[in-house]
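Chemist: What follows is a protein structure lacking sequence information:
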C-alpha cells in the first residue's frame, strides 16, 4: 500500500465518507438519475469497484462496460471525487487505472463528465472526445 496508488476497498467499510462525496456530486449535477444508494448497491453486488486514495481524500467508482457490437470492454470511471477541488483522482492515477484496465482485458478507459473545464486538460493529455450529449426535456 505504500506506493501511493489507490486501493480497492469494501464500500461497506467506507460508505460514510464516500456517501458524502456521491451526494455532493448528485447535488451539483441534478441531471444524473442515480441515487447514492445505487452506487452502494452496485459496489456491494460487485457490478462496480470502489477505489480510494491511501489518505482517504478521494475515490473512484469504476464499472466494466462491454460494447454490444464489438464485444470490446471499457473501464468506465463512473464517479470520481476528491475532498479538495482540482485533485482529480483519475488524472493523478491514470497510469495505475490504465494498468488495472489492461490487466482485466479492457481495451479502453473512459470518463464521462458534464464539467467542461476538464475538456482542455483531458485533450492535452491524450484523451479524445468521442461524443457530447445534449438533452432537452419535452
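Modeler: Okay, I see it. Worth saying up front: this structure is predicted, and the values here are computed from it rather than measured.

Chemist: isn't residue 79 right next to residue 25, touching?
Modeler: Yes - shown here, residue 79 and residue 25 form a contact pair, counting by C-beta atoms under 8 Å, at 6.3 Å. Every C-beta, even on glycine, is put in place using the N, C-alpha and C of the backbone.

Chemist: Same drill for the two, tell me which one is more crowded.
Modeler: Taking other C-beta atoms under 10 Å, residue 79 and residue 25 do not tie; residue 79 has more neighbours (22 against 16).

Chemist: helix, strand or coil for that one?
Modeler: strand (DSSP: H, G, I helix; E, B strand; the rest coil).

Chemist: Contacts for the helix or strand of the chain with the lowest mean pLDDT next, please.
Modeler: Lowest by mean pLDDT, DSSP states H and E among the helices and strands of the chain is helix 89-92, with a mean of 80. For helix 89-92, the surrounding residues in contact (C-beta atoms under 8 Å, 6 or more residues apart in numbering) are 6, 51, 53, 58-60, 77, 80-82, 97, 111, 121-122, 125.

Chemist: Would you write a ChimeraX line that selects the buried entries of the residues you listed?
Modeler: One line in ChimeraX is enough to select the buried members of the contacts of helix 89-92, burial here meaning 16 or more other C-beta atoms under 10 Å:
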select :6,51,53,58,59,60,77,80,81,82,97,111,122
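
Chemist: For the chain, which residues score under the pLDDT cut-off?
Modeler: 1-3, 86-87 (pLDDT under 70).
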